[in-house]
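Q: here is my input, please return the structure:
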Amino acid sequence: MKNEQVAELLYQALETEKGGIQIYETALKCAVNDELKEEWQEYLEQTRTHEQIMLEVMEQMGLDPETETPGREVVRHIGESLVEAMEMALEAGKPEAAQLVACECVVLAETKDHLNWELIHEVADKSKGEQKQALTAAYERVEEEEDKHLYHTTGWGRELWIETLGMPAVLPPPEEEQDVKTAIGAARAKKSRKRSK
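A: Just a heads-up that it's a prediction; the model follows:
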């Protein structure tokens, strides 16, 4: 493995978690649906924990969490852009529209976050010794939560869009009701919504 690129992945993962905190804080300002607010509040707290887990991993691996890389700067810029997009939507004064924008922004952020953790898992599988232990332990602590963040918010975004289009929506979404934690589960939940109407 390329150690420099492993470090880059971890720097980007840390930055994704840092940005995720700001994204959830802003998304909560946009949320209109009480159940969605409750879910995002939980995800915000989990993301704060994930940031701490990444800081622990970096310490265990001897990496300086303040190190800047071009990739990390890009991740930060994307996160800040997502926050700015939600703020623009809030300023427009249409709460339901801002909530939709927030869902989309969370899905975009969680897609990167989910990829980071999948890659950390791949690195852990190919590592040895302390690096393997540190990465495996971190992955096992966050993996299920990261799955839920992505798949459940994707379901919320789809159903809230369907509702704004004037069609019958399933709220909370099937992903939430079925406690989806896998891509296969998400596909099944999405398919089940058609049978439930």
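Q: any idea how far Trp40 is from the most centrally placed residue in the chain?
A: In the chain, the centroid-proximal residue (C-alpha atoms, centre = their mean) is Glu110; its distance is 2.5 Å. From Glu110 over to Trp40 the distance is 11 Å, taken as C-beta to C-beta, to the nearest Å. For the C-beta atoms, the positions are set from N, CA and C on the backbone; glycine is no exception.
Q: any buried residues in the helix or strand containing the residue nearest to the centre of the chain, and which?
A: According to DSSP states H and E, Glu110 maps onto helix 95-126. Along helix 95-126, these residues count as buried under the neighbour rule (16 or more other C-beta atoms under 10 Å): 98-110, 112-117, 119-120, 123-124.
Q: sec struct for Glu68, please.
A: Put simply, Glu68 is coil when judged by DSSP: H, G, I helix; E, B strand; the rest coil.
Q: how close does it get to Val74?
A: 11 Å.
Q: cool, Lys29 as well?
A: Taking C-beta to C-beta, one finds Lys29 at 25 Å from Val74.
Q: all helices for this structure, in order.
A: 3-30, 34-60, 70-91, 95-126, 129-164, 174-177, 183-196 (DSSP state H).
Q: what's the pLDDT at Arg195?
A: You'll see Arg195 listed with a pLDDT of 60.
Q: ugh, typo on my part, it should be Ala98
A: 98.
Q: kindly report the same for Ile53.
A: Reading off the model, Ile53 has pLDDT 98.
Q: grab the nearest non-local neighbour of it.
A: Ala138 (5.1 Å; C-beta to C-beta, 6 or more residues apart in numbering).
Q: could you check how far the one you found is from Leu14?
A: For Ala138, the distance to Leu14 - C-beta to C-beta - is 11 Å.
Q: between Glu110 and Trp40, which contacts overlap?
A: Between them, Glu110 and Trp40 share these contacting residues under C-beta atoms under 8 Å, 6 or more residues apart in numbering: Thr153.
Q: how many neighbouring residues does Ile21 have?
A: Neighbour count for Ile21, taken as other C-beta atoms under 10 Å: 16.
Q: low-confidence ranges, this protein, go.
A: By pLDDT under 70, the low-scoring segments of the chain are 195-197.
Q: now do 90
A: Along the chain, segments meeting pLDDT under 90 span 1, 176-177, 179, 182-183, 186, 192-197.
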